[in-house]
Every structure is written in C-alpha cells, then in structure tokens.
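In: mind looking at a prediction? Sequence and model below.
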Amino acid sequence: MRLRQVEDDRRRLRDYWNFLFTISRWSGRPHPHILTQIAELFNYNLKGLRILEVGAGSGADSAVLSKLGAHAFAVDYATAHMIVKRWGTRLHVHQADGENLPFKSGVFDLSFSQGLVEHYRNPDHIIREQVRVVRKGGFIIIDAPQRYSLYHLYKSFLVAIKCWPMGWERSYSVFDMRMIAKHYGLKLVKTTGWGSWPISAGRIRELKCRGWPLLPEGLLKVAEENWRKIEGSKVSSYIGMNITAVFMKN
C-alpha cells in the first residue's frame with residue numbers, strides 16, 4: 001500500500017511539472033539566495049567545481065552556476081528533456097530518480113536541492129544519495145518550505161482538503177535541519193531563510209515594473225534593503241517562507 005502511494009506521489013509530481021512547463025512556457029527563475037549561499041562557500045570562485053542539482057526543475061540555477069565557471073550537473077526525473085531544450089549543452093543533464101543518482105560516490109564538491117525533499121514522505125534515500133555523491137569536506141544544501149510561516153499554514157490547509165496541486169507536502173524547521181545533520185553525520189554550517197508570503201518587496205518591485213505603482217520608489221527601496229538585511233541574519237531561518245540549510249560532509 002505504501003509503495004503504491006509513493007508511486008502515485010511520484011507520478012503526480014511528474015505530470016504536474018510536465019503540465020507546468022508545457023502549457024505555461026515557464027522557463028523558471030534562478031534563486032538568488034541559494035546561489036549566494038553556494039558562492040560564499042567558495043569565496044565567489046566557482047571555476048572548475050563540480051556541482052550537482054537534484055530535482056533541477058527548470059535548470060535555471062544550474063545554468064547560472066555553469067556561467068560562473070562550474071561544471072554543473074542537473075538531475076530531474078520529469079523535466080530533463082525540457083532542461084536540455086532550454087539550456088542545450090551548457091549543462092550535464094541526466095534524467096534520473098533522485099533516490100538513485102547515476103554517479104560514483106564522492107565526485108562532487110557540492111550537491112543541492114531546492115523544493116524537493118518536502119515532496120517525500122520519507123526523504124531518507126534522497127538525502128542519503130546527495131550525501132553519498134559529495135566528497136569529504138564538500139557541501140550539501142537543502143532548501144525547503146519553512147514550517148513556521150504563513151505559507152506553511154496556507155499550504156497545510158490546501159493539503160488537508162486535497163486541493164494542493166502537488167499532492168502531499170511537508171515543511172521543515174531549524175530543528176529538523178539539525179536532526180538531519182545528526183542522522184547523516186554532517187556538520188550543520190548554517191541555516192538561513194528567504195522569501196515571504198503572500199507579498200514581498202521583490203513581488204512589489206515586479207508589479208511596479210509592470211506599471212502598478214503600489215509603493216513610492218523611496219519606500220520600496222527601504223523595504224528591499226531591510227528585507228535583504230533580514231535574509232542575511234539568523235532570524236531569517238524562522239520567519240522566511242523557505243529555509244536553506246548548508247551542511248558539510250565530514
């Protein structure tokens with residue numbers, strides 16, 4: 001029964017992403033906060049590094065990393081062909097299950113996932129695989145929805161009434177990330193948070209660029225600057241829409 005549920009969840013996710021990419025022509029946007037966390041780990045010099053993105057979605061983050069000089073590898077079960085179509089030979093793309101990565105152990109300097117682990121009722125295999133393929137002293141980054149946020153409450157309600165388009169989904173806290181570090185023998189380097197819901201300074205900026213004068217430019221700049229300060233502080237792990245955890249493999 002559990003195996004059938006897992007297969008149903010996987011099929012739903014695959015169909016959802018195929019639908020999203022096909023009918024909306026959505027190319028995806030990179031996640032600046034996660035890319036910044038990666039760049040900071042290597043003093044903003046990514047040239048020659050082998051970096052793996054598991055559950056790459058649009059491949060936008062990997063494309064940026066490739067442009068910055070990294071050997072970027074993108075794995076996705078549902079959208080690999082779309083990533084190839086969008087980014088061509090810039091990325092090393094593999095259609096594979098994140099629970100069975102097609103790579104030898106210890107071959108990457110960093111592995112990361114964004115918006116992936118929350119879709120798994122038991123994420124053990126997918127986390128274990130991310131850890132396996134990273135070298136000792138390398139890094140694993142896991143980004144997921146943050147548990148104590150308005151977004152989590154909204155999503156939990158829709159999940160409960162079976163109206164969430166991606167089926168079952170969970171959220172993570174700082175405590176959960178500490179438990180992951182303990183369980184897999186990793187060092188938790190830091191946790192940060194990013195984003196807000198239902199509105200953010202970034203969203204207001206986007207609407208303003210489309211001609212919606214929601215806030216005067218001066219107030220919008222103040223909002224953006226203060227939110228950047230919050231995202232750079234420890235409190236962001238507790239109030240952001242998402243939590244980003246950086247682990248080091250011992």
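Out: Received, thanks.
In: buried set for the helix or strand containing residue 151?
Out: Here residue 151, judged by DSSP states H and E, is contained in helix 150-160. Neighbour-count burial for helix 150-160 flags 151-152, 155-156 (criterion: 16 or more other CB atoms under 10 Å). Heads up, the C-betas are built off the backbone N, CA and C, glycines and all.
In: tilt between the biggest strand by length in the chain and helix 150-160?
Out: Using DSSP state E, we find that the single longest strand of the chain is strand 134-145. Inter-element angle recorded for strand 134-145 and helix 150-160: 80 degrees (by axes from the mean of the first three to the mean of the last three CA atoms, to 10 degrees).
In: mind giving me the packing neighbours of strand 134-145?
Out: helix 32-41, strand 108-114, helix 124-132, helix 150-160, strand 242-249 (3 or more CB pairs under 8 Å, 6 or more residues apart in numbering; DSSP states H and E).
In: turn these into JSON lines, columns for mean pLDDT.
Out: Putting those into JSON lines (pLDDT from 0 to 100) gives the following:
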{"stretch": "helix 32-41", "mean pLDDT": "95"}
{"stretch": "strand 108-114", "mean pLDDT": "97"}
{"stretch": "helix 124-132", "mean pLDDT": "97"}
{"stretch": "helix 150-160", "mean pLDDT": "86"}
{"stretch": "strand 242-249", "mean pLDDT": "97"}
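In: out of those, the one nearest residue 173 is which?
Out: Residue 173 lies closest, by CB to CB, to one member of these: strand 242-249, at 7.2 Å.
In: before we move on, the earlier item: so which of the helices and strands packed on strand 134-145 is nearest residue 174?
Out: That would be, of those and by CB to CB, strand 242-249, which comes in at 6.9 Å.
In: how near is the residue lying farthest from the centre of the chain to residue 31?
Out: Distance from the C-alpha centroid of the chain peaks at residue 216, with 32.0 Å (CA atoms, centre = their mean). Using CB to CB, to the nearest Å, residue 216 is found at 28 Å from residue 31.
In: wait, a strand at residue 192?
Out: Yes. According to DSSP: H, G, I helix; E, B strand; the rest coil, residue 192 belongs to a strand.
In: so who does it touch?
Out: Counting by CB atoms under 8 Å, 6 or more residues apart in numbering, residue 192 touches 33, 37, 231-232, 236-237, 240, 243-244, 246.
In: ditto for residue 76
Out: 55-57, 59, 83, 93, 95.
In: could you rerun that using 10 Å?
Out: Counting by CB atoms under 10 Å, 6 or more residues apart in numbering, residue 76 makes contact with 14, 17, 53-59, 62, 82-83, 93-98, 116.
In: look up phi and psi at it.
Out: phi -150, psi 140 (degrees, to the nearest 10).
In: name the secondary structure element that contains the nearest residue to residue 45 once chain neighbours are set aside.
Out: Residue nearest to residue 45 in three dimensions, not counting chain neighbours: residue 69, with 7.8 Å by CB to CB, 6 or more residues apart in numbering. Residue 69 is part of no helix or strand, with elements assigned from DSSP H and E.
In: please report the distance of residue 69 from residue 51.
Out: Counting by CB to CB - residue 69 and residue 51 are separated by 10 Å.
In: the two: which is more packed in?
Out: residue 51 (26 against 12; other CB atoms under 10 Å).
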